[in-house]
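Colleague: Curious how this folds, go ahead:
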Amino acid sequence: DNVTVVLCEDTAQNFDPEYKELDQRIAAEWVKKAGAVRFYDYIGINYWTPRYFPHILADQMRHIARIGVKGYGTHYVSMIDSSMPMYYLLYQLLWNAEIDPNVVVDRMITDLYGKAAGPIGRFYEHWEQCWERQPKGRWLWGLDTIGGEMEIYKWEDFQRGRELLEEAAQLADDDNVRRRIDFLRQRYDFTYTSAAAYLVSMDAINWQPTDNHEDAIAKSNAVVEAWQAWTRQYHIAQALPGLPVSGWPGKTGLVRMWGLKQQMRDAALAPLVRWACANEGRLEPSRLRFIEQMLAGMGILNRERIEHHVTHEANASHRKPRADGLRVADVPHVDDNLRLIAAAKDWPSIPHVDELPWIFHARPADPNLGKYDEPIRFYYSDPPVPDDQSMTWQCAWDKDRLYLRVVVKDQTHVQNQPAADMWKEDSLQVAVNPQRDNFELKAGSWDYIWGGYKRNEAEFGISLRDKVVQKHVWRSPKLPEGVKAEDLIDTAVARHGGQTIYEVAVKWPLLPGFTPEPRKSFGICLVVNDVDKGDRRSAEYGSGVIHAKRPTEFAALRLVE
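Modeller: Numbers count the residues shown, from 1 in each chain. The predicted structure is shown next:
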């Protein structure tokens, strides 16, 4: 008699007849079997956009009352401006589940807004109609990502919401009514700018390049402006009681914000890289290089303008603004296959690649992160002394392969790990991205934070353990049946004094979709791992591998004659 079964539900999805039928049937079966049943309903799940469905809620409350449910609780966090009448209705339904929701909501709006009740009522009806036009119910959809929320709405929906609130403000003839409408407008401003930031960033990520590089710069600048507008509203919203932003219950609000910031970082760079890739075969190489350098400077500047906003306030990770994909290194063509023997001397007549500085990171085995800290930390560190982790590298290509030679100065070579774990000690990791102009992740906020390979990227490593060369592929693109990624990679590794020589030949099928021709480019990231006296550190050429898999952050190589 003292035990109840608590069932979780997401009533908001009951616009879908199949979802509703299954949900309500299961609820009735539980009551028959268990007797004492309570519900915990995720009415609000920290959305920054409207989540308003009073008639669906009223129908569900009638159902659970009629089948004999004993108790009810809710996760209530929503944007109060676009959900308030629904919560007022909920409290009335808890007393009497048979009341008419239209009567309750209409009375509330009329009492609060007087002559402005018409547009306020249409404001809420608008959001209910938007919610119910969804085709398919999805459990807790959009729980931790604004991208999920934004799939529900169009930009015109948010514009219509603002128009209705402004119409109501014009009709208000009482100071109390004006204050109530201002209460809604102030909070709706955060929803509006959140939607704008998301849509502007996605527009930049998917932008189709023109012939004019200034169009790419304009797209990147628009992303910064949208982010700055959002951060202003974020700070205002923090001081407004009753918003998910001011309360940050749990991590879901923080995850939304961390993910949105990473999307803005990507969006500031995307149109610049996409323009360079689209025009690399059209422009004379020296002209392209000149414009790329200009775009790289703009990319770093705009990312700096994004980075310094909303970092410490939300325990977000700091990133050094970079634009590695616009600092493209030329890769010379060779007529004959290069033999991989890991000799002490460099490959003759092939210059070192030095477009970018290597970036060094500490690699603590047990990072000390707080419960509400963004999980990715970069642990930037200064370069060690040159004899104890410094690198030079060369690169070349022919019609069959890409060739890499990396020389690492390292006083002590340590490698005792199995191949899959070689990255924990002295080793080389190589990642390639044949579609470096594709910035669309199509993933939730957690994926934006943690990163991940989503397309045709490949990542492999090589190391020297007890004079035996180890090779391991962590990520392979989809290859033709019978083709193994390992068979597309040839390696040689040797120690010469205080140096470790890594040589690699990668057959082009490991980069599906990439055609090895002059003036074509692809993304690459190299990681040199080093352990000395128990301390781990790594250096990256191009970022995007060590702490989060971000192919959009890779450096770039362009094939030349």
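Colleague: What segments of the stretch 51-200 of the chain are helices?
Modeller: 54-66, 84-95, 101-113, 117-132, 146-150, 155-171, 175-205 (DSSP state H, counting those that start in this stretch).
Colleague: In this protein, where is pLDDT below threshold?
Modeller: Along the chain, segments meeting pLDDT under 70 span 1, 246-250.
Colleague: wait, isn't His55 in contact with Pro101?
Modeller: Yes. Counting by C-beta atoms under 8 Å, His55 does reach Pro101; the two are 5.7 Å apart. For every residue, glycine as well, the C-beta is placed using N, CA and C.
Colleague: Give me the more crowded residue out of those two.
Modeller: Comparing His55 with Pro101 by other C-beta atoms under 10 Å, the one with more neighbours is Pro101, at 21 against 16.
Colleague: Spatially nearest residue to that one, not counting backbone neighbours?
Modeller: The spatially closest residue to Pro101, leaving aside those adjacent along the chain, is Ala58, at 4.0 Å (C-beta to C-beta, 6 or more residues apart in numbering).
Colleague: Repeat that for Lys251.
Modeller: Looking at Lys251 with C-beta to C-beta, 6+ apart, the closest residue is Tyr372, at 6.5 Å.
Colleague: Over to that neighbour: give its phi and psi.
Modeller: Backbone torsions for Tyr372, taken as degrees, to the nearest 10, come to phi -110, psi 20.
Colleague: Touching, it and Gly253? I think so.
Modeller: No. Counting by C-beta under 8 Å, Tyr372 stays clear of Gly253, with 10.0 Å between them.
Colleague: Look at the two and report which has more neighbours.
Modeller: When neighbours are counted by other C-beta under 10 Å, Tyr372 and Gly253 differ, and Gly253 comes out ahead with 21 against 11.
Colleague: Just the element for the more buried one, please.
Modeller: helix 252-279 (DSSP states H and E).
Colleague: Buried by neighbour count: which residues of that helix qualify?
Modeller: 252-277, 279 (16 or more other C-beta atoms under 10 Å).
Colleague: Next SSE downstream of it?
Modeller: Assigned by DSSP H and E, the successor of helix 252-279 is helix 285-307.
Colleague: Next secondary structure element downstream of that next one?
Modeller: Using DSSP H and E, the first helix or strand after helix 285-307 is strand 329-331.
Colleague: can you list the domain ranges for this structure.
Modeller: 5-157, 328-559 (automatic domain parsing).
Colleague: Could you export these to a markdown table, including columns for distance to Ala168?
Modeller: Output for the domains of the chain, formatted as a markdown table (distance: least, C-beta to C-beta, whole Å):
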| stretch | distance to Ala168 |
| --- | --- |
| domain 5-157 | 4 |
| domain 328-559 | 33 |
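Colleague: To Gly297, which of the ones you listed lies closest?
Modeller: domain 328-559 (14.1 Å; C-beta to C-beta).
Colleague: What is the linear distance spanned by the closest one between its boundary residues?
Modeller: End-to-end distance of domain 328-559 (C-alpha to C-alpha, to the nearest Å): 10 Å.
Colleague: List the strands paired with the helix or strand hosting Glu503, with their directions.
Modeller: Secondary structure assignment for Glu503, by DSSP H and E: strand 499-507. Using DSSP bridges, strand 499-507 pairs in its sheet with strand 401-409 (antiparallel), strand 489-496 (antiparallel).
Colleague: now the last one: how far from the chain's centre is it?
Modeller: By that I understand strand 489-496. Distance, stretch centre to chain centre, for strand 489-496: 36 Å (C-alpha atoms, centre = their mean, to the nearest Å).
Colleague: which residues are contacting it?
Modeller: 340-344, 401, 413, 460, 462-464, 469, 471, 473, 500-507, 510 (C-beta atoms under 8 Å, 6 or more residues apart in numbering).
Colleague: So which of the strands paired with strand 499-507 is nearest Gly523?
Modeller: Closest of the strands paired with strand 499-507 to Gly523 is strand 401-409, at 12.4 Å (criterion: C-beta to C-beta).
Colleague: Just after that closest one, pick out the following helix or strand.
Modeller: Assignment by DSSP H and E places the next element after strand 401-409 at strand 427-433.
Colleague: angle of that following strand against strand 499-507?
Modeller: 30 degrees (axes from the mean of the first three to the mean of the last three C-alpha atoms, to 10 degrees).
Colleague: Which other helices and strands does strand 427-433 contact?
Modeller: Secondary-structure packing of strand 427-433 (3 or more C-beta pairs under 8 Å, 6 or more residues apart in numbering; DSSP states H and E): strand 401-409, strand 458-465, strand 499-507, strand 521-532.
Colleague: Checking the most centrally placed residue in the chain next. Helix, strand or coil?
Modeller: In the chain, the residue lying closest to the centroid (C-alpha atoms, centre = their mean) is Tyr448, at 2.0 Å. What DSSP: H, G, I helix; E, B strand; the rest coil gives for Tyr448 is helix.
Colleague: Settle this for me: it is touching Gln262, isn't it.
Modeller: Yes. The pair Tyr448 and Gln262 qualifies as a contact (C-beta under 8 Å) at a distance of 4.5 Å.
Colleague: ok, back up a step: could you dump the strands paired with strand 499-507 to a markdown table with mean neighbour count and distance to Gly242?
Modeller: Formatted as a markdown table, the strands paired with strand 499-507 follow (neighbours: other C-beta atoms under 10 Å; distance: least, C-beta to C-beta, whole Å):
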| stretch | mean neighbour count | distance to Gly242 |
| --- | --- | --- |
| strand 401-409 | 22 | 56 |
| strand 489-496 | 18 | 57 |
